[in-house]
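K.L.:
dropping the sequence and predicted coords here.
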Amino acid sequence: MLLELNNIAKFFGADLLFENVNGYVDDGAIIGLVGNNGVGKSTFCNIVTGNDHEFDGMVKRYPGVRIAYFKQMLESSIESEQAVFEYVLGTQEQVLAIERAYQAMLNRLQTEEATSTLLNDFGDIQEAYELNGAGDLLERIEVVLNGLGIYEVLDTTIEGRRNITYYSKLKELSGGERKIVELAVILLNKSANVLILDEPTSHLDMAARAWLEAFIKGFRGSVIIVSHDRHLLNSVATQIWEIQNFSLDTYKGNYDHFEKQKAENLEALRHQYATQKKEMERLESIITAFQHNERNGGNYVTVKLYNATKSRLERFKDNMMSEPPKDRADLSLTLQNIQPKGYTVVKLDHYSFGYEETRPIFDDQTLVITKEDKVALLGANGTGKSTFMKLILAKYALMHNIDPHQYGIADFCKKFKGAITRDNSFYVGPGVKIGYYSQHHSQLPKEQTIRELLWQNEIKDESQFQSIIRRYHFSKDTVDNKKISSLSGGEKSKLQFVLLMLSGANTLLLDEPINHLDIDSMKIVEQVLHDFTGSLIVISHDRYFLSRVINKILYVKNTGIHEFMGTVDEYIDTML
């Protein structure tokens with residue numbers, strides 16, 4: 001056993017986060033930690049790692065436990081001229097010091113008498129050298145960076161390569177790229193025997209997720225993973241721990257087994273509760289009958305039976321179980337099921353587009369997307385997936401005289417106006433009505449409140465408005481007083497789904513739509529998109545999600561958009 005949790009309770013002020021939390025981590029266990037947004041998963045990780053001491057109960061870390069912890073949130077941005085490889089190497093100073101000490105000890109063994117003291121010292125250094133992987137540090141840095149998509153040479157035509165290199169400066173990286181670099185630092189900790197990874201896949205593409213999956217399987221020790229990636233949890237987890245209703249429930253097996261066992265347990269609890277409730281109602285009806293009889297002159301025996309039944313009911317209520325929890329997700333999504341009137345949604349006929357004539361993104365491209373297609377748009381980072389979506393939006397906005405600010409693509413349209421033409425080499429069907437979800441929430445007006453925005457988007461009356469707010473769990477203060485710029489990523493995601501619901505769109509363009517959602521909300525989105533009768537183009541790195549909503553795969557590579565005849569899993573196999 002490596003870790004043990006005894007009666008952990010955590011409050012934020014007077015608000016309970018969780019209590020009576022018990023569990024243990026054995027050597028080799030891979031634990032998936034799940035739960036809805038806001039239940040305290042990151043706080044739980046901080047308690048386990050010793051970063052949070054303000055809790056009740058005890059965390060026992062057994063001798064020899066060495067924890068490496070990847071946090072969900074970056075503590076600060078680094079405005080540094082350091083390059084990526086240089087920075088990662090610099091975080092390994094302890095390992096470098098061990099390597100220097102090892103080399104110095106080898107020199108001493110060659111020049112000094114091999115006394116027992118010297119040999120003992122060498123044994124200690126050699127143990128640390130092997131434990132920390134000091135002998136192959138540079139090679140391991142390359143393996144980890146490459147696995148996460150960062151290479152020495154930039155080549156975004158290859159699936160799984162990011163558009164940064166070993167030599168990219170830290171200050172120039174996006175927040176997501178910085179997190180990937182920090183993940184690399186944690187994964188390099190060869191001496192750790194417990195890895196705690198809080199949302200490690202948030203900014204990883206499919207190739208990097210597949211590599212991380214293999215890394216975790218090969219890790220010599222235990223792992224706790226906070227993740228919404230169900231494919232990852234199915235592939236690697238030996239246990240699932242769920243924080244729910246202020247407590248921790250533990251299940252053996254992977255995520256699918258957890259879902260099955262949880263559903264069976266919940267059904268049993270609901271049956272037990274229904275049985276108890278039926279018995280309570282039976283006793284209450286008997287008491288009501290006794291009361292009616294007493295008003296009509298009940299006798300001594302009737303009164304005695306009434307008192308006995310009343311006492312029995314009181315005891316029954318004292319011991320009656322609580323009502324089992326109802327399913328609760330962060331959103332309640334519905335879409336109007338309307339197909340485009342025409343068969344063709346998007347058609348490219350020998351179409352070319354690029355930032356420079358000598359560097360086309362799409363070159364002589366021909367393809368058709370129909371009203372029956374639900375398309376996964378895949379490909380390496382920087383190949384043009386989001387650009388293709390913006391081109392569709394720009395053409396659509398031009399056709400219907402829509403302000404491109406509505407889709408957050410005004411700068412794109414202004415910069416590349418010459419490429420967005422009225423000719424038919426790039427065609428969007430006249431019966432198409434587009435709804436757009438932006439990965440970066442670029443179409444949301446930053447200075448408005450939720451109330452102001454929604455009243456501009458097909459809201460009929462206050463009753464409908466309040467119904468939407470309740471269904472999506474927005475607080476009154478958030479709706480009326482917070483500017484959209486100050487909302488969390490999850491709140492902005494929910495707001496975009498509200499706008500999709502109100503849009504009446506028959507064609508959806510979705511750029512990373514589930515990044516900020518918990519699993520329960522993901523399942524709602526999956527089901528709604530599965531049932532949606534319109535057309536769909538979606539960019540996502542979540543293969544579990546894609547496999548449940550799409551019927552066609554297009555991938556961007558070498559200035560073209562190509563169709564892949566197979567499943568998402570088969571597509572990923574071609575990258576590895």
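P.N.:
Thanks, I have the structure now.

K.L.:
all strands of the stretch 401-550 of the chain, in order?
P.N.:
In the stretch 401-550 of the chain, the strands defined using DSSP state E, counting those that start in this stretch lie at 426-428, 434-437, 507-511, 535-539.

K.L.:
state the mean pLDDT of the last one.
P.N.:
When pLDDT is averaged over strand 535-539, the result is 97.

K.L.:
put the alpha carbons of it into PDB.
P.N.:
The C-alpha coordinates for strand 535-539 follow below in PDB (Å, rounded to 0.1, in the frame of the first residue of the first chain):
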ATOM      1  CA  SER A 535     -25.800  17.900 -40.900                       C
ATOM      2  CA  LEU A 536     -22.800  18.200 -38.600                       C
ATOM      3  CA  ILE A 537     -19.100  19.100 -39.000                       C
ATOM      4  CA  VAL A 538     -17.100  18.700 -35.700                       C
ATOM      5  CA  ILE A 539     -13.500  19.100 -34.700                       C
END
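
K.L.:
the longest helix along the chain packs against which elements?
P.N.:
As assigned by DSSP state H, the longest helix anywhere in the chain is helix 255-295. Contacts defined by 3 or more C-beta pairs under 8 Å, 6 or more residues apart in numbering; DSSP states H and E place helix 255-295 against strand 30-34, helix 230-236, strand 239-244, strand 247-252, helix 300-319. C-betas here are computed from N, CA, C, even on glycine.

K.L.:
start to end distance for stretch 403-414?
P.N.:
End-to-end distance for stretch 403-414: 12 Å, by C-alpha to C-alpha, to the nearest Å.

K.L.:
still on that earlier bit, of the strands of the stretch 401-550 of the chain, which shows the lowest average pLDDT?
P.N.:
strand 426-428 (a mean of 89).

K.L.:
does Ile361 count as helix, strand or coil?
P.N.:
Secondary structure, DSSP: H, G, I helix; E, B strand; the rest coil: Ile361 is strand.

K.L.:
ok, now which ones touch it?
P.N.:
Residues in contact with Ile361 (C-beta atoms under 8 Å, 6 or more residues apart in numbering) are Phe353, Gly354, Tyr355, Thr383, Gly384, Thr387, Thr559.

K.L.:
grab the nearest non-local neighbour of it.
P.N.:
Counting by C-beta to C-beta, 6 or more residues apart in numbering, the nearest residue to Ile361 once its immediate chain neighbours are dropped is Gly384, at 4.3 Å.

K.L.:
what is the helix or strand of the chain with the lowest mean pLDDT packed up against?
P.N.:
Counting by mean pLDDT, DSSP states H and E, the chain has its least confident helix or strand at helix 410-415, which shows a mean of 80. With contacts taken as 3+ C-beta pairs under 8 Å, 6+ apart, helix 410-415 sits against helix 385-400.

K.L.:
what residues does the helix it packs on touch?
P.N.:
By C-beta under 8 Å, 6+ apart, helix 385-400 touches 346, 353, 361-362, 377-379, 402-404, 406-407, 409, 412-413, 416, 420, 422, 426-428, 430, 432, 434, 436, 439, 509, 511, 537, 539, 556, 561.

K.L.:
for the stretch 451-576 of the chain, just list every one of the helices.
P.N.:
All helices of the stretch 451-576 of the chain, identified by DSSP state H, counting those that start in this stretch, fall at 462-471, 476-481, 489-503, 519-531, 543-549, 568-575.

K.L.:
which secondary structure elements does the longest one sit against?
P.N.:
In terms of contact count using 3+ C-beta pairs under 8 Å, 6+ apart, helix 489-503 is assigned the packing partners strand 434-437, helix 450-454.

K.L.:
deepest in the core, which of the ones you listed is it.
P.N.:
Of all the helices and strands packed on helix 489-503, strand 434-437 has the most neighbours on average by mean count of other C-beta atoms under 10 Å, namely a mean of 24.
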